[in-house]
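Asker: got a predicted structure plus its sequence, pasted below:
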Amino acid sequence: MSLRPLFHPARIAVIGASTNPEKKGFQIFRNLRDAGFPGEIIPVNPKGEAILGTPSLKSVVDLPDGVDLAVVIIPAKLVPAAVLELGKRKVPAAIIISGGFAESGDEGAALQEELVRNARRCGVRLLGPNCQGVNYPYHNLCASWPLITRRGEIAIVSQSGTVGAALIDWASEEALGFSAFVSMGNRADVDEAELIDFFADDVSTKAIALYIEGVKDAAKFLSAVRSCRKPIVIFKAGRTARGRKAAESHTRSLAGSDAIYDGVFRQLGIHRASSLEDLYDFAKALAYLPAPRGPRMLIVTSSGGSAIIATDVAEEEGFSVSPLPPNLAERLREILPSHCIIGNPLDLTGDADAERYREVLTAAEGHYDVMMSIFGDPIPGASTVMPPGRCDLVAYLGGAEVERAERLLLHEKKIAVFPTPERAVRALACHARFDRSRFPREPERQEIRPASAEASAALSPVESMELLARNGFPVVSFRRAGTVEEATAAARAIGFPVAVKTNSPDVTHKSDVGGVILNVIDEAGVRAAFRTVAEIVRRIGARDGGVLVSAMAPPGLEVVVGVTRDLQFGHAVMFGLGGVLVEILGDVAFRVVPLTEKDAAEMIAEIRGAPVLGGVRGGKPADVAGLRHLLVRVSDLVMKHPEIGQMDLNPVIVYEKGLNIVDARVVPVDGAR
């Protein structure tokens, strides 16, 4: 069912309207009226009292036909029955402000389930419960608090009402405004995916900013983002283990693995914010700044220190603060006082006025992709210098009252202004973050989460290698041996030197317990290695699976390829530099399946150690094309065999041409073996 009644109602009922100014039932009714809502607002109050001069109805059953939206602010235990009555009155949508549902414990969760059942039975769409409502200024609709009516071009969707309200307050204070504010609360019905779909088609919205603690329905979310042509910025809280626990107690959301979320956001081109300031800044840049044509940036400033800060951040984000072209440098020497520092950054010094900026920006037009103006002092008239619609980046700081006045004037012209140079540059970099050919970026550190499956569910190393071999993966020669005689025969057949490893499915990290013996050069060494491994398995109490005898692969670059099965997004493939250091370095990238060649290429380029693959200090380059092919084949494998819960190919040894999988561990999902 369409969400249009939530944003474009013609008639609204406030269930639980109050005469008490301290109560939400009064405040929301007043905000609806004072926002200039064009339709009828009907208060419902059991005492039948007039609210701000408007007669109220005593019950939901008294509502007239044609109510499009109900705002419900009554005790939680009364809400499910009220929703049934709304359904009988053919009210298509309701905003449930009331708390006391799933966020409050098991009893509240049961009440929320009843609420959802009732709503589905009678065809009422629900926003909330436990939410702060909707503010949609383009329809003069403020079914929320505080009352803020300034219109803008950013839609703000938040699980937390307070977080979202803070953002719209910032936007209003800066004279930028917003296109919508939606507090989702517990997301019993309407969720972030449906709201992304709605704002993707909303003509007043240019960018969508979300604060979430977890995705409710991963499949819906992925579909909504893939079909949305507008930029999306997300601040996802719950990155740490304790943060995830706090998210669960807040709105009982499933926060999920943060590393998987990070991979999904990168894969889908979602701009990830790491703070509320980032969320606001990124959305502002994406809504009000056109994308730069390329990385060349000119910095014009009255503050040398601010320019240095801007230069550092610009270079880190992939912009190029390149020297002035000779003809431009000559022109600037002609028009600027002799004490100005002609270069990039271009320091106009502390006596600069707005006219000096205007002359420079006019002269530099066409020479750079981005022109950044840093007004580092009280500079009256700064707002008259900047023409709207260009990729002109503005930071204004240190200007006191003049700065505050000029910032508002710039924002009224829809020119985004930032309070510091670094916030300005990082916000603009959103436009460039997914165009690595022109704007290289620094990768972010990833977290590796421990496997959740029990070791006893794992296939043995031999079974894992056999699975890969059957599916055409390039594994080293290997054989299982249950006795010393079988081990020596296997080594002779494979050819010395060999590796002898425990084949127990209970041992996750064989090297940690001494269960891997390398470079065994003769039969006597094989016999000794077999006895050593068998004794280790006996000592640690693991099941005896014999040993795996395998060929020693030639030396090369070790990488790791893995699979994990996330509770929300399903299978995800991991890539990183391998061997025993992978969990220490944590230099890995994730993508959810299915993987494309592009996804695989991005994963490989994303890790901090990617330059090693190109060959360093005389080393030969690695077969990156082969790695891309391997990642896609792993994705195909788990799509063909969804019973695979986890998989580690570690190490995979990569050569200048080709690669070898030396060791593998596969863990089926529970009960799949």
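Answerer: Yep, that arrived. Just so you know, these numbers come straight off a predicted model, no measurement behind them. Numbers count the residues shown, from 1 in each chain.

Asker: what is the neighbour count of residue 49?
Answerer: With neighbours defined by other Cβ atoms under 10 Å, the count for residue 49 comes to 14. C-betas here are computed from N, CA, C, even on glycine.

Asker: isn't it right up against residue 56?
Answerer: Yes - between residue 49 and residue 56 a contact is recorded at 5.9 Å, counting by Cβ atoms under 8 Å.

Asker: what is the neighbour count of the closest residue to residue 565 other than its chain neighbours?
Answerer: Spatial nearest neighbour of residue 565, excluding adjacent residues (Cβ to Cβ, 6 or more residues apart in numbering): residue 645 at 4.8 Å. Residue 645 has 22 neighbouring residues, counting by other Cβ under 10 Å.

Asker: same thing with residue 611?
Answerer: By other Cβ under 10 Å, neighbour count at residue 611 equals 10.

Asker: re the thing from before, next one: the residue nearest to residue 565, what pLDDT does it get?
Answerer: pLDDT recorded at residue 645 is 94.

Asker: I'd guessed it sits against residue 665; true?
Answerer: No - with contact defined as Cβ under 8 Å, residue 645 does not reach residue 665; the gap is 11.2 Å.

Asker: so who does residue 189 touch?
Answerer: Going by Cβ atoms under 8 Å, 6 or more residues apart in numbering, residue 189 touches 116, 119, 125, 126, 127.

Asker: wait, which of those residues is closest to residue 276?
Answerer: Nearest to residue 276 among the contacts of residue 189 is residue 127, at 22.2 Å by Cβ to Cβ.

Asker: am I right that residue 235 is in a strand?
Answerer: Yes - using DSSP: H, G, I helix; E, B strand; the rest coil, the assignment for residue 235 is a strand.

Asker: shaky segments in the stretch 301-450 of the chain?
Answerer: Applying pLDDT under 70 to the stretch 301-450 of the chain flags the ranges 435-450.

Asker: so which residues of it form helices?
Answerer: Taking DSSP state H, counting those that start in this stretch as the criterion, the stretch 301-450 of the chain carries its helices at 304-316, 326-335, 354-364, 382-385, 400-412, 421-428.

Asker: and the third one, how far from the chain's centre?
Answerer: In terms of Cα atoms, centre = their mean, to the nearest Å, the gap separating the centre of helix 354-364 from the centre of its chain is 39 Å.

Asker: what do you get for the fourth one?
Answerer: Counting by Cα atoms, centre = their mean, helix 382-385 is centred 36 Å from the centre of its parent chain.

Asker: identify each buried residue in stretch 327-336, please.
Answerer: Across stretch 327-336, burial judged by 16 or more other Cβ atoms under 10 Å covers 328, 331, 332, 336.

Asker: so, low pLDDT: which residues of this structure?
Answerer: For the chain, the stretches with pLDDT under 70 are 239-256, 435-456, 579-584, 617-618, 671-673.

Asker: so residue 43 belongs to a strand, correct?
Answerer: Yes - counting by three-state DSSP, residue 43 is part of a strand.

Asker: contact partners for it?
Answerer: Neighbouring residues of residue 43 by Cβ under 8 Å, 6+ apart: 13, 14, 17, 29, 51, 54, 55, 56, 57.

Asker: re the thing from before, out of the helices of the stretch 301-450 of the chain, deepest packed?
Answerer: Mean neighbour count, computed with mean count of other Cβ atoms under 10 Å, is highest for helix 421-428 among the helices of the stretch 301-450 of the chain, reaching a mean of 25.

Asker: next secondary structure element downstream of that one?
Answerer: Counting by DSSP states H and E, the next helix or strand C-terminal to helix 421-428 is helix 461-470.

Asker: report the buried residues of stretch 43-56.
Answerer: 43, 44, 45, 51, 56.

Asker: would you check that the last one makes contact with residue 48?
Answerer: Yes - the pair residue 56 / residue 48 is scored as a contact, 5.8 Å apart, by Cβ under 8 Å.

Asker: follow-up on the earlier one: the host helix or strand of the residue nearest to residue 565 pairs with which strands, parallel or anti?
Answerer: Counting by DSSP H and E, the element that carries residue 645 is strand 644-654. Sheet pairing of strand 644-654 (DSSP bridges) gives strand 557-566 (antiparallel), strand 659-661 (antiparallel), strand 664-668 (antiparallel).

Asker: which outside residues touch stretch 25-35?
Answerer: 12, 14, 16-21, 41, 43, 45, 51-52, 54, 71, 73, 97, 133, 135, 137, 140-147, 149.

Asker: are any of those buried, and if so which?
Answerer: For these, a burial check counting by 16+ other Cβ under 10 Å picks out 12, 14, 16-19, 41, 43, 45, 51, 71, 73, 97, 133, 135, 137, 141-145.

Asker: count the residues that sit near residue 555.
Answerer: Residues lying near residue 555 (other Cβ under 10 Å) number 8.

Asker: OK, contacts around the residue nearest to it when sequence neighbours are not counted?
Answerer: With Cβ to Cβ, 6+ apart as the criterion, residue 555 has its nearest non-adjacent residue at 7.5 Å, and that residue is residue 653. The neighbourhood of residue 653, defined by Cβ under 8 Å, 6+ apart, consists of 553, 554, 555, 556, 557, 558, 659, 660, 662.

Asker: can you rerun that using 7 Å?
Answerer: Residues near residue 653 by Cβ atoms under 7 Å, 6 or more residues apart in numbering: 553, 556, 558, 659, 660, 662.

Asker: give me the distance between residue 177 and residue 224.
Answerer: Residue 177 is 25 Å from residue 224, where distance means Cβ to Cβ, to the nearest Å.

Asker: residue 260 too?
Answerer: In this view, residue 260 and residue 224 are 18 Å apart by Cβ to Cβ.
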